[in-house]
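K.L.:
give me the fold of what follows.
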Amino acid sequence: MTQPIKGLTRRSFSHGLMAASSIALPSWLHAQGKGKEIVVGGAGSHKAFLDPLIPVFERQTGCKVLFE
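P.N.:
Sure thing, here's the model as predicted:
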């Protein structure tokens, strides 16, 4: 087995890599835009249960719900 470079071990390398990625990562992340539609799949018997709830949810969130 070879000797590590003086002062650079796997542990110190991984710590440096994690520190560098935590600094760079926020610039790569972007929030998603506000959702506009939600597609819900279910049995036909669920429609009777969801019919009164869907309009309330759409008013509160501003999202359109499509039940299939």
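K.L.:
next helix or strand past the one helix or strand Ala19 maps to?
P.N.:
Per DSSP states H and E: Ala19 is located in helix 10-28. Where DSSP H and E defines the elements, the next helix or strand beyond helix 10-28 is strand 37-40.
K.L.:
partners of that next one in the sheet?
P.N.:
Taking DSSP bridges as the criterion, strand 37-40 sits next to strand 64-67 (parallel) in its sheet.
K.L.:
which parts of the partner strand are buried?
P.N.:
Using 16 or more other CB atoms under 10 Å as the test for burial, strand 64-67 gives no buried residues. Bear in mind the C-beta positions are built from the backbone N, C-alpha and C, glycine included.
K.L.:
who's in contact with it?
P.N.:
36-42, 46-47, 50, 54, 57-58 (CB atoms under 8 Å, 6 or more residues apart in numbering).
K.L.:
sorry, back to before: which strands and helices lie in contact with the helix holding Ala19?
P.N.:
Helices and strands in packing contact with helix 10-28 are not found; criterion 3 or more CB pairs under 8 Å, 6 or more residues apart in numbering; DSSP states H and E.
K.L.:
can I get it in CSV? Just the C-alpha atoms.
P.N.:
Output in CSV follows, covering the C-alpha atoms of helix 10-28 (Å, rounded to 0.1, in the frame of the first residue of the first chain):
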residue,chain,number,x,y,z
ARG,A,10,-8.7,10.1,2.3
ARG,A,11,-10.5,11.7,5.3
SER,A,12,-9.1,15.2,4.8
PHE,A,13,-9.7,14.9,1.0
SER,A,14,-13.4,13.9,1.6
HIS,A,15,-13.8,16.7,4.2
GLY,A,16,-12.4,19.2,1.7
LEU,A,17,-14.7,17.9,-1.1
MET,A,18,-17.8,18.2,1.2
ALA,A,19,-16.9,21.7,2.2
ALA,A,20,-16.3,22.7,-1.5
SER,A,21,-19.6,21.2,-2.6
SER,A,22,-21.6,22.8,0.2
ILE,A,23,-20.3,26.2,-0.9
ALA,A,24,-21.0,25.6,-4.6
LEU,A,25,-24.3,23.7,-4.3
PRO,A,26,-26.6,26.6,-3.4
SER,A,27,-25.7,28.3,-6.7
TRP,A,28,-26.8,25.2,-8.6
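K.L.:
alright, that wraps it up for me.
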